[in-house]
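Visitor: One predicted model, sequence on top.
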Amino acid sequence: MAELRTDPLTGVRVVVNGSRRGRPRNRAADCPFCPGGLEAPAPYAVRRFPNRWPALDGQRCEVLLYCPEHEASWSTMTTAQAEAAVELWHDCAVALGSRPDVAYVLLFENRGADAGATVDHPHGQAFGLAEVPDAPAALLARGGGLGRCALCEAPPKDLVVAEEGDWLAWVPQAPLFPYALRLAPREHVADLTEAGPDGRGALAALLRTAFARLDALFGAPAPYFLWVHQRPADGRVWPWAHLYVEINAVWRAPGVPRYIAAGELGSGIYFTPLEPEAAAEHLREA
């Protein structure tokens, strides 16, 4: 059983679940996500199913398969495949968010061994959390405290990398990783449902462009962390909720991971060796 514990000194919350120690690592021909594999016995275009090794109880953890091709990625998927993958995000968020024991749906992805991915096949995951977790709650509270939505303000032009329809991709002004991207609609859209089919289609196109730039910059499939923040599913209004996607490439140079250092974890202040404006220029030119 998963147990949520809180550190009495820091207030940091940790889910302890010893059953996950047996998770397999499949990087060869026995991929469980390829058609005919353990988790995908039949052909599919996209697929979602409960995680066999869940971090949370109650089938609130799902695996989302973006496409059947093992070597594919956001940058190589067709337009139709990318759109289907974003629709899968949407459908999963709606389904998990409708459960009475779920207050927040976190969509996320780790790609590559350096980002901790246990399977190379293109896929993401979803957690149906019983309460709004600390990170998005802090962002929502910050918007309320400021009395404005920071994502509604246009980023500086020298940080913008690409745009599709009403969506922009830019390097944050103070990124934790040297090559980071934030994708959000210009309009104040609270979640994937409110974005509508056109907005989700623009997001799919922008994801293809953003990852094509990242992979071209590094000359290889870049390992990364990705997550989607949107309006909580607890039924409250949340006026400061603004849908966005956060991407952090874990390399600072090809094949060279950017590690979070002790001084950063100990202080809560993070240091980057690359100006965000330079990172944006590199990505625009990739």
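Guide: Yes, it's here.
Visitor: buried stuff in stretch 159-169?
Guide: Neighbour-count burial for stretch 159-169, counted by 16 or more other C-beta atoms under 10 Å, picks out 159, 160, 161, 162, 163, 164, 166, 167, 168, 169. For glycine as for every other residue, the C-beta is placed from the backbone atoms N, C-alpha and C.
Visitor: Nearest to residue 179, out of those residues: which one, please.
Guide: Closest approach to residue 179 among the buried residues of stretch 159-169 (C-beta to C-beta): residue 161, at 10.2 Å.
Visitor: tell me the strands in the stretch 101-250 of the chain, going along the chain?
Guide: 104-111, 123-129, 160-164, 167-170, 180-185, 224-229, 244-249 (DSSP state E, counting those that start in this stretch).
Visitor: circling back to that earlier point, take the buried residues of stretch 159-169 and write them to CSV, including pLDDT.
Guide: Formatted as CSV, the buried residues of stretch 159-169 follow (pLDDT from 0 to 100):
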residue, pLDDT
159, 98
160, 98
161, 98
162, 98
163, 98
164, 97
166, 96
167, 98
168, 98
169, 98
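Visitor: now, the most widely separated pair of these?
Guide: So, these by C-beta to C-beta: farthest apart are 159 and 166, at 17.9 Å.
Visitor: in the stretch 51-200 of the chain, what spans have low per-residue confidence?
Guide: Across the stretch 51-200 of the chain, nothing is flagged by pLDDT under 70.
Visitor: quick one: the helices in it?
Guide: Along the stretch 51-200 of the chain, counting by DSSP state H, counting those that start in this stretch, helices occupy 79-97, 134-146, 192-218.
Visitor: Tell me what angle the longest one forms with strand 224-229.
Guide: Think helix 192-218. 160 degrees (axes from the mean of the first three to the mean of the last three C-alpha atoms, to 10 degrees).
Visitor: Tell me which of the helices of the stretch 51-200 of the chain sits nearest to residue 261.
Guide: Using C-beta to C-beta, the nearest of these to residue 261 is helix 134-146, at 20.3 Å.
Visitor: Quick one: residues in contact with the closest one.
Guide: Residues outside helix 134-146 that contact it (C-beta atoms under 8 Å, 6 or more residues apart in numbering): 13, 104, 106, 132, 149-150, 229, 232, 238-242.
Visitor: please redo it, this time with the cut-off set to 7 Å
Guide: For helix 134-146, contacts defined as C-beta atoms under 7 Å, 6 or more residues apart in numbering pick out 13, 104, 149, 150, 229, 238, 240, 241.
Visitor: Now do the buried residues in it.
Guide: Neighbour-count burial for helix 134-146 [16+ other C-beta under 10 Å]: 136, 139, 140, 143.
Visitor: Which residue is the nearest non-sequential neighbour of the most centrally placed residue in the chain?
Guide: Residue closest to the average C-alpha location in the chain (C-alpha atoms, centre = their mean): residue 227, at 1.9 Å. Nearest residue to residue 227 in three dimensions, chain neighbours excluded: residue 108, at 4.2 Å (C-beta to C-beta, 6 or more residues apart in numbering).
Visitor: What is the neighbour count of the one you found?
Guide: Neighbours of residue 108 under the rule other C-beta atoms under 10 Å: 15.
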